[in-house]
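**Student:** Return atomic coordinates for the entry below.
(one chain, ligands or ions: 2)
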Amino acid sequence: MEFFKTHKIKIVNSLFIILCGGILLFLYNAPEETTAFLPHDTNHNRFFEIKSKKEAEKTCGECHDSGKVAPLPEDHPPKYRCLFCHKRA
Ligand code: HEC
Ligand code: HEC
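**Tutor:** Residues are numbered from 1 along each chain as shown. Ligands and ions are numbered 1, 2, ... in the order given. From the prediction side, this is the model:
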């Protein structure tokens, strides 16, 4: 018990450092980002010019809504904010 009392802070600090290391390692090993980026082509170039994501996203549906030229696949995740996932880079 005496040992624990005098070393408590050191032990807690060590555990904390180990925990931080673990989290860093976990993030470092995370898979690469795989979601498709916004393409650079004539359909999409104009969206790179629009600063606000919210503005830019307004017209994605003109082509990507169902029944349009490039409808989203059925298993597409919830799609409210296109450019949060499909980044412009
Ligand atoms: C004028 C029509 C049109 C508009 C508007 C449009 N797209 Fe597209 N998009 C396409 C077509 C056609 C394809 C499939 C062929 C291709 O990759 O260009 C496509 C493909 C994509 C892809 C897949 C790229 C890949 O690598 O598989 C993403 C992501 C995408 N669009 C996102 C968006 C977002 C986000 C918006 C709005 C900011 C948007 N598109 C607006 C026509 C459009
Ligand atoms: C929550 C994240 C998320 C959001 C929001 C989102 N998508 Fe996607 N989208 C994905 C993922 C994941 C895929 C499938 C993996 C990939 O990108 O190749 C995908 C695939 C696509 C594809 C390619 C389909 C194909 O057949 O290759 C298009 C086009 C697309 N999304 C357009 C959009 C549009 C337009 C919006 C907004 C209306 C949108 N996405 C919003 C995550 C998202």
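
**Student:** Now name the helix or strand holding Pro73.
**Tutor:** Here Pro73 is covered by no helix or strand, with elements defined by DSSP states H and E.

**Student:** actually Lys8, not the one I typed
**Tutor:** helix 2-28.

**Student:** where does this structure dip in pLDDT?
**Tutor:** Within the chain, the stretches with pLDDT under 70 are 1.

**Student:** do that again at 90, thanks
**Tutor:** Within the chain, the stretches with pLDDT under 90 are 1-9, 27-34, 79-80, 89.

**Student:** domain assignment for it?
**Tutor:** Per automatic domain parsing, the domain ranges recorded for the chain read 1-30, 45-85.

**Student:** near ligand 2, which residues of this structure show up?
**Tutor:** Residues of the chain found near ligand 2 (CB under 6 Å from any ligand atom) are 35-36, 60, 64, 70, 72-73, 76-82, 84-86. (Glycine included, C-beta is placed from N, CA and C.)

**Student:** make it 8 Å
**Tutor:** With CB under 8 Å from any ligand atom as the criterion, the chain comes near ligand 2 at residues 34-36, 57, 60-61, 63-64, 70, 72-73, 76-86.

**Student:** count of neighbours near Phe48?
**Tutor:** 12 (other CB atoms under 10 Å).

**Student:** That one contacts Pro39, correct?
**Tutor:** No: assessed by CB atoms under 8 Å, Phe48 is found out of contact with Pro39, at 10.2 Å.

**Student:** related to what we said a few turns ago, for PyMOL, what selects the buried ones among the residues of the chain next to ligand 2?
**Tutor:** Selection of buried members from the residues of the chain next to ligand 2 for PyMOL, criterion 16 or more other CB atoms under 10 Å:
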select buried, resi 57+60+64+82+83+85+86
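
**Student:** okay, and the common contacts of Phe48 and Pro39?
**Tutor:** Shared contacts of Phe48 and Pro39, defined by CB atoms under 8 Å, 6 or more residues apart in numbering, are absent.
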